[in-house]
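Engineer: dropping the sequence and predicted coords here.
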Amino acid sequence: MTSINKTKWYLLSFLLGGAVGCAIALLYAPESGRHLRKDIRRKTNDYIEDGKKIVSDTWNDAKETAESALESANEFLNSGMEKVMRKTEKQKKL
């Protein structure tokens with residue numbers, strides 16, 4: 001395994017262990033089962049909504065960055081084409 005893959009594996013293992021630990025801690029909390037399940041459901045829905053918002057924001061940021069890069073590339077290409085055309089016209093006149 002490469003070091004990047006090992007790092008990803010360690011990070012994923014750490015996050016998964018944390019999630020399992022949180023779930024176990026919640027299950028052993030001194031609340032009634034019904035109340036605890038309601039809290040878990042509410043928190044899970046909150047996390048899902050937060051995740052959707054983060055994904056949406058990240059997608060929009062990536063889209064804007066890609067559009068900006070495409071515009072810059074087009075401007076660069078057009079300026080290069082104009083330079084080539086000017087030099088070609090200049091050479092034709094000679």
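Structural biologist: Sure, I can see it. Numbers count the residues shown, from 1 in each chain.
Engineer: show me what the longest helix seen in the chain packs onto, helices and strands only.
Structural biologist: Ordering each helix of the chain by length in residues (DSSP state H) puts helix 33-93 first. Under the contact criterion of 3 or more Cβ pairs under 8 Å, 6 or more residues apart in numbering; DSSP states H and E, helix 33-93 touches helix 3-27. Glycine gets a C-beta too; all of them are placed from N, C-alpha and C.
Engineer: list the helices and strands the helix it packs on packs on?
Structural biologist: Counting by 3+ Cβ pairs under 8 Å, 6+ apart, helix 3-27 packs on helix 33-93.
Engineer: domain-wise, how is the protein divided?
Structural biologist: 1-30, 33-94 (automatic domain parsing).
Engineer: JSON lines please, covering the ones you listed and showing mean pLDDT.
Structural biologist: Formatted as JSON lines, the domains of the chain follow (pLDDT from 0 to 100):
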{"stretch": "domain 1-30", "mean pLDDT": "79"}
{"stretch": "domain 33-94", "mean pLDDT": "88"}
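Engineer: make a markdown table out of those and add mean neighbour count.
Structural biologist: Formatted as a markdown table, the domains of the chain follow (neighbours: other Cβ atoms under 10 Å):
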| stretch | mean neighbour count |
| --- | --- |
| domain 1-30 | 10 |
| domain 33-94 | 10 |
